[in-house]
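Asks: Output the structure for:
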Amino acid sequence: MVELVGATLILFAGTMIGWQQAARYAARPRQIRQLIHALQRLETEIGYGFTPLPEAIARSAAHVPEPAASILQAVNGRLSGSGELTFRESWEAALLDAWPHTAMRQPEQSALVRLGHNLGISDREDQMKHLKLAVQQLQFEEDAARHDSARYVKMWRSLGVLTAALIVILIL
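Replies: So this is what the prediction gives:
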């Protein structure tokens with residue numbers, strides 16, 4: 001009886017690990033799409049609304065889903081919290097804090113860090129160009145993430161179950 005319960009727990013744990021990895025692969029394209037939407041909204045606020053950058057970030061954060069909203073809210077909080085940090089420092093610190101809670105990877109983070117280096121230091125048209133460039137880079141990464149998702153989601157689900165089954169067979 002104890003062996004049966006142990007085997008069931010091992011199968012359950014292996015299956016859940018596989019499904020969790022598959023969920024991360026499936027969440028990545030969705031989160032990149034949400035981030036693209038947030039940047040496009042920010043571009044609209046800056047370019048057509050003539051909104052100052054901190055206010056544009058706050059407005060954009062209010063209208064986008066997580067995790068993009070939490071990144072923008074963290075930037076806005078750091079900007080309004082202390083006048084000691086520059087925009088670039090606030091942007092990078094917010095990215096570093098929020099990034100572990102996302103399914104996104106290093107290429108997306110690099111694109112956003114590069115964007116943070118250029119926002120807030122130039123005129124409106126230049127900021128819009130940098131936002132468009134970041135959106136294009138993220139769209140490329142989204143395509144790659146969709147390809148990875150289609151390729152690896154089924155594999156991770158199956159691998160979790162099969163690895164757990166192998167462990168149960170070896171133990172019994």
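Asks: Please count neighbours and contacts with C-alpha atoms only from this point.
Replies: Fine.
Asks: which helices and strands sit right next to the host helix or strand of L79?
Replies: Secondary structure here is read from DSSP states H and E; on that basis L79 sits in helix 68-81. Helix 68-81 is packed against helix 2-47, helix 53-62, helix 87-98, with contacts defined by 3 or more CA pairs under 8 Å, 6 or more residues apart in numbering; DSSP states H and E.
Asks: Switch the ones you listed over to CSV; also include mean pLDDT, distance to Q106 and mean neighbour count.
Replies: As requested, those are exported to CSV (pLDDT from 0 to 100; distance: least, CA to CA, whole Å; neighbours: other CA atoms under 10 Å):
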stretch, mean pLDDT, distance to Q106, mean neighbour count
helix 2-47, 92, 12, 19
helix 53-62, 87, 22, 20
helix 87-98, 88, 11, 18
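Asks: nearest to H117, of these?
Replies: If you check each of those against H117 by CA to CA, helix 87-98 wins as the nearest, at 5.6 Å.
Asks: which element follows the closest one toward the C-terminus?
Replies: Once helix 87-98 ends, the next helix or strand along the chain (criterion: DSSP H and E) is helix 106-118.
Asks: just the angle between the next helix or strand after that following helix and helix 2-47, please?
Replies: Downstream of helix 106-118, the next assigned helix or strand under DSSP H and E is helix 124-171. Orientation of helix 124-171 against helix 2-47 (axes from the mean of the first three to the mean of the last three CA atoms, to 10 degrees) gives an angle of 180 degrees.
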